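Novice: give the three-dimensional model of this entry:
(one chain, ligands or ions: 3)
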Amino acid sequence: MADLTTDFVGIKSPNPFWLASAPPTDKEYNVRRAFEAGWGGVVWKTLGAEGPPVVNVNGPRYGAIYGPDRRLMGLNNIELITDRPLETNLEEMARVKADYPDHALIASIMVPCEEEAWKAILPRVMETGADGIELNFGCPHGMSERGMGSAVGQVPEYIEMVTRWCKRYYDRPVIVKLTPNITDIRKPATAAKNGGADAVSLINTINSITSVNLDSMAPEPTIDGKGSHGGYCGPAVKPIALSMVSEIARDAETRGMPISGIGGVTTWRDAAEFMALGAGNVQVCTAAMTYGFRIVEEMKRGLSQWMDEKGYASVAEVVGRAVPNVTDWQYLNLNYVTKARIDQDACIQCGRCYAACEDTSHQAIAMKPGRVFEVIDAECVACNLCVDVCPVEDCITMVEMAPGEVDPRTGRTVEPHYANWTTHPNNPAAVKAAE
Ligand SMILES: Cc1cc2nc3c(=O)[nH]c(=O)nc-3n(C[C@H](O)[C@H](O)[C@H](O)COP(=O)(O)O)c2cc1C
Ligand code: SF4
Ligand code: SF4
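Specialist: Ligands and ions are numbered 1, 2, ... in the order given. The predicted structure is shown next:
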């Protein structure tokens, strides 16, 4: 059976599934039950500085986006960091860590952007025996207006500065949690590295307004007639997170930096995808909030089975496997030609592929008598839209043309060799380079 144990920047855990800093990790009661349910680690709900705890709203703090079957696709929240006293959290963390020495326990921290504030909290966190800290530079609401969270995460110089302080006053691993509310994720990741971070974790939540109530004319969730932007997470954000993780994994400045992947992980497959793109482990929030702690059982079982099937003996063997295959558009093979193919036996004749291709793509699907839908190869540009809209899985597939065949759309013979935009005759830059 595949070995799921992980060593992430020296922090060992029985499996790569950690709960992200959020309500599931808010208190001892939750975390103990999470470990009993099988989670490999937790990042404790973000701690704030000593003093009066933050105050949350008393109205609804979540909003949601659903798929047609009311499956939760995206979750929005306006919750702040922990609203419990620092001392209570620290005492609970110490107790839990003592009872679960083999599980990873990370303290997430967000204090003002002043050296004294970090210097004051770090020794206290150290005393709990926590395995490391995660710097919350990501929270996009509430705390950012107070100069913390994403207000720090959006300024690479601040990230580097605070990370340096943490490395100075704390001798265990420092993970910097990045905000996706930024144009180029490589900049904050590089800043974290320059500050001495042991790893980055991403993504925190994305600025969002889930919906507007058209009766009250207020954003939802609505607090006494008003709403504010919140942080978006859940399955809907996974593609954004995967892209950002891959950017860090393949950038010359940050390549090889340990990454904890976060954003929409709901199944073992999501986790495997993050790992393939360079994440050493994953963190989960929305899936646990939606389905409960036991969802980790499927994650562990599924990952282990898949690894056995593929012959991967350890998680480390999966990490980064897909990174060499992430490239820029200009390097994609322009001699790779495919055509859509419809499996007539699987087709339920709904006509969605026809409507999509006829109205918004290349008029490459013919509707024949008896509602038989067929692809017109001479028109098909292989855009994949019909595959994406077809309600029957694998009913339409994209089939590669063999070298030597003639593409009836272009009249050109499919070439066997790889050729990309950088050398294409239509590329003015390529022509110039050849001269
Ligand atoms: C209600 C809620 C509260 C959160 N609180 C925190 C927090 O205190 N600190 C933090 O770093 N991230 C916080 N997050 C963000 C999560 O840790 C995580 O980065 C994000 O939800 C993406 O993961 P997911 O798609 O699995 O939910 C919170 C998320 C939610 C939904
Ligand atoms: S791949 Fe695109 S162009 Fe080809 S049939 Fe499908 S929708 Fe039409
Ligand atoms: S969308 Fe799929 S099921 Fe519907 S007609 Fe087209 S091929 Fe058939």
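Novice: ok, A430 to I348 distance?
Specialist: 45 Å (Cβ to Cβ, to the nearest Å). For glycine as for every other residue, the C-beta is placed from the backbone atoms N, C-alpha and C.
Novice: so for these two, which residue has more residues nearby?
Specialist: A430 (16 against 11; other Cβ atoms under 10 Å).
Novice: number of nearby residues for the closest residue to the more buried one other than its chain neighbours?
Specialist: Nearest residue to A430 in three dimensions, chain neighbours excluded: T423, at 5.2 Å (Cβ to Cβ, 6 or more residues apart in numbering). For T423, the count of nearby residues is 13 (other Cβ under 10 Å).
Novice: then the one 3 residues further on?
Specialist: Counted with other Cβ under 10 Å, the burial measure for N426 works out to 8 neighbours.
Novice: I175 now?
Specialist: With other Cβ under 10 Å as criterion, I175 counts 26.
Novice: before we move on, what about L4?
Specialist: 19.
Novice: residues of the host helix or strand of L303 that come out buried?
Specialist: For L303, the host element (DSSP states H and E) is helix 295-310. For helix 295-310, burial by neighbour count (16 or more other Cβ atoms under 10 Å) applies to I295, V296, M299, K300, G302, L303, S304, W306, M307.
Novice: columns distance to ligand 1 on top of these, output as CSV?
Specialist: Formatted as CSV, those follow (distance: Cβ to the nearest ligand atom, whole Å):
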residue, distance to ligand 1
I295, 11
V296, 12
M299, 12
K300, 16
G302, 17
L303, 16
S304, 21
W306, 20
M307, 22
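Novice: hmm, which two among these are most spread apart?
Specialist: I295 and M307 (18.7 Å; Cβ to Cβ).
Novice: look up how far D69 lies from the residue nearest to A430.
Specialist: 47 Å.
Novice: what's the answer for A236, then?
Specialist: For A236, the distance to D69 - Cβ to Cβ - is 15 Å.
Novice: residues touching E50, list them.
Specialist: If you count contacts by Cβ atoms under 8 Å, 6 or more residues apart in numbering, E50 has them with L86, A120, I121.
Novice: burial measure for the first one, as a count.
Specialist: Number of residues near L86 (other Cβ under 10 Å) recorded here: 18.
Novice: surely it touches P52?
Specialist: No - under the criterion of Cβ atoms under 8 Å, L86 makes no contact with P52, lying 10.3 Å away.
Novice: give me the below-cutoff pLDDT ranges for the chain.
Specialist: 431, 433-435 (pLDDT under 70).
Novice: helices of that one, residue ranges please.
Specialist: Ranges of helices in the chain, per DSSP state H, are 28-37, 86-99, 115-127, 150-153, 156-169, 186-194, 238-250, 268-276, 286-291, 295-310, 315-318, 352-360, 385-389, 428-434.
Novice: give me the contact list for the second one.
Specialist: Translated: helix 86-99. 27-28, 31-32, 35, 44-45, 47-51, 53, 82, 105, 107, 121, 124-125, 127-131.
Novice: the helix holding L303 vs helix 28-37, what angle?
Specialist: 30 degrees (axes from the mean of the first three to the mean of the last three Cα atoms, to 10 degrees).
Novice: with only the CA atoms kept, save helix 295-310 in PDB.
Specialist: Written as PDB, here are the backbone C-alpha positions of helix 295-310 (Å, rounded to 0.1, in the frame of the first residue of the first chain):
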ATOM      1  CA  ILE A 295     -14.500  13.300   4.100                       C
ATOM      2  CA  VAL A 296     -10.800  12.700   4.700                       C
ATOM      3  CA  GLU A 297     -11.400   8.900   4.600                       C
ATOM      4  CA  GLU A 298     -12.300   9.100   0.900                       C
ATOM      5  CA  MET A 299      -9.300  11.300   0.300                       C
ATOM      6  CA  LYS A 300      -6.900   9.000   1.900                       C
ATOM      7  CA  ARG A 301      -8.300   5.800   0.400                       C
ATOM      8  CA  GLY A 302      -8.600   7.300  -3.100                       C
ATOM      9  CA  LEU A 303      -5.100   8.800  -3.100                       C
ATOM     10  CA  SER A 304      -3.600   5.600  -1.800                       C
ATOM     11  CA  GLN A 305      -5.400   3.400  -4.400                       C
ATOM     12  CA  TRP A 306      -4.500   5.700  -7.200                       C
ATOM     13  CA  MET A 307      -0.800   5.700  -6.100                       C
ATOM     14  CA  ASP A 308      -0.800   1.900  -6.000                       C
ATOM     15  CA  GLU A 309      -2.300   1.700  -9.400                       C
ATOM     16  CA  LYS A 310       0.300   4.100 -10.800                       C
END
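Novice: that helix packs against which elements?
Specialist: Packing partners of helix 295-310 (3 or more Cβ pairs under 8 Å, 6 or more residues apart in numbering; DSSP states H and E): strand 17-19, helix 268-276, strand 279-284, helix 286-291.
Novice: as TSV, the ones you listed with distance to ligand 1 and mean neighbour count would be great.
Specialist: As requested, those are arranged in TSV below (distance: least, Cβ to the nearest ligand atom, whole Å; neighbours: other Cβ atoms under 10 Å):
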stretch	distance to ligand 1	mean neighbour count
strand 17-19	8	29
helix 268-276	9	23
strand 279-284	5	28
helix 286-291	3	21
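Novice: state the number of residues packed around the closest residue in space to I348 that isn't next to it in sequence.
Specialist: When the adjacent residues along the chain are set aside, I348 lies closest to V392, with 5.9 Å between them (Cβ to Cβ, 6+ apart). By other Cβ under 10 Å, the residues close to V392 number 14.
Novice: residue contacts, V392?
Specialist: Counting by Cβ under 8 Å, 6+ apart, V392 has contacts A346, C347, I348.
Novice: what about A64, how many residues nearby?
Specialist: Neighbour tally, A64, other Cβ under 10 Å: 18.
Novice: which residues does it bridge with?
Specialist: Legend: beta-bridge partners of A64 under DSSP bridges are L75.
Novice: do I have it right that it meets N77?
Specialist: No - between A64 and N77 there is no contact under Cβ under 8 Å: 9.9 Å.
Novice: adding distance to L4, write the helices of the chain out as TSV.
Specialist: Putting the helices of the chain into TSV (distance: least, Cβ to Cβ, whole Å) gives the following:
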stretch	distance to L4
helix 28-37	15
helix 86-99	21
helix 115-127	27
helix 150-153	31
helix 156-169	29
helix 186-194	26
helix 238-250	20
helix 268-276	10
helix 286-291	17
helix 295-310	6
helix 315-318	6
helix 352-360	40
helix 385-389	33
helix 428-434	47
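Novice: out of those, which one sits most buried?
Specialist: Greatest average neighbour count among the helices of the chain goes to helix 150-153 (a mean of 25), per mean count of other Cβ atoms under 10 Å.
Novice: ok, it near ligand 1 or not?
Specialist: No - counting by Cβ under 6 Å from any ligand atom, ligand 1 is not contacted by helix 150-153; separation bottoms out at 10.2 Å.
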